[in-house]
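Enquirer: 3D model of this:
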Amino acid sequence: MSFSNNSSTIIRRSNKDIFSIYCNEKDQRLICNCFDKDYNFYNSITILNKFVDFTNYSVSLGIDDTIYGVYKDNGIKYFEISKDNTLSFNEIFTFNDEKFDLLFPYIKKVDNNLHLFYYVFNNEAPGTCALFHHHNKNNIWTENKIDFLTHSILNNYCISWVNNSPIVFYLNVVDGYEEVFLSRFNCNSLTWSTPLQITHSKKNKVYLSVLKDAMNFYHLTFCENEDNAYSVKYINGYLMDDGLDIRNAKNISIPCACMYPNLIKHQSNIYLMWVEYNRLKTCSSNDLGSSWTNQTTDEFSIKEDFIKATFLSNYKEDLVYNSTSVFTTSNDIALLGF
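Expert: Reported below is the predicted structural model:
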């Protein structure tokens, strides 16, 4: 068995009920499967009766246990699953899908404000796009272009939150190489800062993942080109006004066929997981990334198909875990790798 390049969102409400949202390739539907606190399946909600892959939708969890998200379907559509599991929809905007396209929409409600992010590109100009942000406060929308990007492969961006304001991390090409950048949103002026370049390695990068811990310490991982292959790279540091004050930078794996490095932090332990030759690898650190254990292979990733997933929870015992993404078996909701 092996890794399937798909993704899901696993949600646990404060009452421990679990929801798995994913696109069912067989039935060509975006669905939400519902489980009680004892993992007993009790309902399936169809969100969209057509196929939409993980680059075209995202899901979030409100502090009141409301599940909400957006997907691309001739525009950006908003959906919401209330606490009694009632499904509702709203259209945010439409666009000319013959001329333009959108990827990686992301939505988040913070302090009664709505934040929407996405990439937009012209279908006639491949290799370039713009990263946009829409902000809704008191029913007034503000639109900002954060940055223009050049890319060979369009990578995901990552959002971190500081005092209810977003910071976006993303990859952009400098002198022919992808480097990590960041930009901050100012909630008073409703504008974005001039992008800051974090890395200067002059090596191509893919699969960026960013985690901010309780000490406001940032942990970044990505795959970086080494010897015509890619290795898992880890860096950390404090975010300063002029960029990231990098404290540690480590090569975690040898150059190989690696994908999707992700981070989980539990107390003083950091777990770094990635896909390597269709197997799930894990290593860990208990000294803020200064040293790492030898990598291990998750046995379930050998026996079963597995996928990447976003894990969101309001259940109190889950809140001690801070994660970017996780891995799970394709036909279950069990987490792998740690």
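Enquirer: what sits against residue 145?
Expert: Residue 145 sits next to 130-132 when contact means Cβ atoms under 8 Å, 6 or more residues apart in numbering. Yep, even glycine has a C-beta here, placed from its N, CA and C like the rest.
Enquirer: now the strands: where do they sit in the stretch 151-300 of the chain?
Expert: Under the criterion DSSP state E, counting those that start in this stretch, strands of the stretch 151-300 of the chain are mapped to 158-162, 165-174, 177-186, 191-192, 196-197, 205-212, 217-226, 229-240, 243-251, 258-266, 269-276, 279-285, 296-297.
Enquirer: also compute the angle for the second one relative to strand 158-162, please.
Expert: Our comparison of strand 165-174 with strand 158-162, counting by axes from the mean of the first three to the mean of the last three Cα atoms, to 10 degrees, yields an angle of 140 degrees.
Enquirer: which secondary structure elements does strand 165-174 contact?
Expert: strand 113-122, strand 128-137, strand 140-150, strand 158-162, strand 177-186, strand 205-212 (3 or more Cβ pairs under 8 Å, 6 or more residues apart in numbering; DSSP states H and E).
Enquirer: quick one: those strands as CSV, columns for mean pLDDT too.
Expert: Supplementary listing: these in CSV, determined by pLDDT from 0 to 100:
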stretch, mean pLDDT
strand 113-122, 94
strand 128-137, 95
strand 140-150, 95
strand 158-162, 95
strand 177-186, 96
strand 205-212, 97
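Enquirer: possible to save those strands as TSV with distance to residue 294?
Expert: Listed next are the helices and strands packed on strand 165-174 as TSV, based on distance: least, Cβ to Cβ, whole Å:
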stretch	distance to residue 294
strand 113-122	37
strand 128-137	38
strand 140-150	37
strand 158-162	27
strand 177-186	27
strand 205-212	21
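Enquirer: related to what we said a few turns ago, format the strands of the stretch 151-300 of the chain as JSON lines; extra columns: distance to residue 336.
Expert: Listed next are the strands of the stretch 151-300 of the chain as JSON lines, based on distance: least, Cβ to Cβ, whole Å:
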{"stretch": "strand 158-162", "distance to residue 336": "22"}
{"stretch": "strand 165-174", "distance to residue 336": "25"}
{"stretch": "strand 177-186", "distance to residue 336": "27"}
{"stretch": "strand 191-192", "distance to residue 336": "37"}
{"stretch": "strand 196-197", "distance to residue 336": "34"}
{"stretch": "strand 205-212", "distance to residue 336": "16"}
{"stretch": "strand 217-226", "distance to residue 336": "17"}
{"stretch": "strand 229-240", "distance to residue 336": "17"}
{"stretch": "strand 243-251", "distance to residue 336": "23"}
{"stretch": "strand 258-266", "distance to residue 336": "11"}
{"stretch": "strand 269-276", "distance to residue 336": "8"}
{"stretch": "strand 279-285", "distance to residue 336": "6"}
{"stretch": "strand 296-297", "distance to residue 336": "11"}
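Enquirer: would CSV of those with distance to residue 108 and mean neighbour count be doable?
Expert: Below are these laid out as CSV (distance: least, Cβ to Cβ, whole Å; neighbours: other Cβ atoms under 10 Å):
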stretch, distance to residue 108, mean neighbour count
strand 158-162, 7, 16
strand 165-174, 8, 20
strand 177-186, 12, 20
strand 191-192, 16, 16
strand 196-197, 22, 14
strand 205-212, 14, 21
strand 217-226, 18, 22
strand 229-240, 19, 20
strand 243-251, 22, 15
strand 258-266, 19, 21
strand 269-276, 24, 23
strand 279-285, 28, 19
strand 296-297, 34, 14
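Enquirer: which stretch among those strands comes nearest residue 31?
Expert: Set against residue 31 and scored by Cβ to Cβ, those come closest in strand 258-266, at 22.7 Å.
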